[in-house]
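**Q** Fold the following, please.
(one chain, ligands or ions: 2)
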Amino acid sequence: MKEDRKGMLIVISGPSGTGKGTICKKLLAEDPSLTFSVSATTRGPRYDEIDGVHYFFLTEAQYDDLLAQDAFLEHATVHGHRYGTLKSQVEELMAKGLNVVLDIDPQGAREVMRQKPDCVSIFILPPSYAELRVRLHTRNTDDPQEIERRLGNAKGEIDQMHLYQYAVVNDDLELAYSQVASIIAAEKQRTTRYFPVVE
Ligand code: ADP
Ligand code: 5GP
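**A** Numbering: from 1, shown residues only. Ligands and ions are numbered 1, 2, ... in the order given. Coordinates of the predicted model:
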C-alpha cells in the first residue's frame, strides 16, 4: 500500500510545572515521526540544558535582532524571560513531513492557534493547585518567589483551557502520556493529513 502523509504542528501547553516537558520528552523518545521545535530564549541555561537542543540561549541583543527580522512564529515574555518559536525551525521540519511538537506557554499557544488553525492543540492540566506547587518545588529549578509567580499565573491560564481542542489531566504520568499519544495517533489519520493510495 502506498501512502503519503502531511506533517502536523502539535501545540502542547499549560501552566508551568504541569508536566509538559516530561510528556514531550517521552513522546519524542517513543515516536520517531515527532520532532521538537527548539525555541529561542533569553533565560540562562539550567545545569543539564544544552544550547541548540533544549533552547537556543540568546543574549537580549541577539533576541532583539531576531525580533527585528520577524523570525518568530510567536513570542512571549514568560515569567520574566523572553521565549520565541522560530519560523525557520517549524517551516524546515514541516517541509520534511515531520510532526512538529511545540512546548510553549499559553500566550504563545493562543498566537500559534490563531496563525495555524490546522494545528493540534493540547492543554495539560495539573490534578490540583496543591500538586502543582509540589511539582514546582520538587523540580528545584526556581526559587520560592518565582514558584509563587508561576502559581499565580496558573489560574488565569487554566481559565483559557476551552480555547484548546483537547485537555489532558497529568495526574498519573503513564495515563496522561497515553492520552496525549492517542490524540496524536488519531490526528495522524485525519484525511486532511493521511493519503493512502489503494492499488
Ligand atoms: P513543565 O514542562 O510543564 O513546566 P515539567 O515536565 O518540568 O513541567 O514537570 C514539573 C515537575 O513535575 C518535574 O519535576 C516532573 O518530573 C514532575 N512531574 C511531571 N509529571 C508528573 C506526574 N504525573 N506526577 C508527579 N510528578 C510529575
Ligand atoms: P522554562 O523556563 O521552565 O523552560 O519554560 C517556561 C515556560 O516557557 C514554559 O511554560 C514553556 O512552555 C514556555 N516556553 C518555552 N519555549 C517557548 C516559546 O518558544 N514560546 C512561548 N510562548 N513559550 C515558551
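**Q** and residue 129, how many residues sit next to it?
**A** Residues near residue 129, counting by other C-beta atoms under 10 Å, number 13. The way it works is simple: take the backbone N, C-alpha and C, and place the C-beta from them, glycine included.
**Q** Contact partners for it?
**A** Listed by C-beta atoms under 8 Å, 6 or more residues apart in numbering, the contact set of residue 129 reads 151, 154, 155.
**Q** how close does it get to residue 161?
**A** According to C-beta to C-beta, to the nearest Å, residue 129 and residue 161 sit 14 Å apart.
**Q** Pull out the buried residues from the contacts of residue 129.
**A** Buried by 16 or more other C-beta atoms under 10 Å: 151, 154, out of those.
**Q** Just to check, residue 139 is in contact with residue 17?
**A** Yes: at 6.5 Å, residue 139 counts as touching residue 17 under the criterion of C-beta atoms under 8 Å.
**Q** Those two - which one has more neighbours?
**A** Ranked by neighbour count (other C-beta under 10 Å), residue 139 and residue 17 place residue 17 first, with 23 against 15.
**Q** Figure out the helix or strand that the more buried one lives in.
**A** Assigned by DSSP states H and E, residue 17 falls within no helix or strand.
**Q** Disregarding flanking residues, what is the spatial nearest neighbour of it?
**A** Leaving aside its sequence neighbours, residue 17 sits nearest to residue 136 (C-beta to C-beta, 6 or more residues apart in numbering; 4.0 Å).
**Q** again, but for residue 127
**A** Nearest non-adjacent residue to residue 127 (C-beta to C-beta, 6+ apart): residue 171, at 3.9 Å.
**Q** counting contacts, what elements does the helix or strand bottoming out on mean pLDDT in the chain pack onto?
**A** Here the helix or strand of the chain ranked lowest by mean pLDDT, DSSP states H and E is strand 2-5, holding a mean of 90. Using 3 or more C-beta pairs under 8 Å, 6 or more residues apart in numbering; DSSP states H and E, the elements in contact with strand 2-5 are strand 194-197.
**Q** So which residues make contact with the strand it packs on?
**A** By C-beta under 8 Å, 6+ apart, strand 194-197 touches 1, 2, 3, 4, 5, 6, 188.
**Q** Swap in 7 Å and give it another go.
**A** With C-beta atoms under 7 Å, 6 or more residues apart in numbering as the test, strand 194-197 has contacts from 1, 2, 3, 4, 5, 188.
**Q** Pull the number of nearby residues for the closest residue to the second one other than its chain neighbours.
**A** Setting aside the residues directly before and after it, residue 2 is nearest to residue 197 in space (C-beta to C-beta, 6+ apart), at 4.1 Å. By other C-beta under 10 Å, the residues close to residue 197 number 8.
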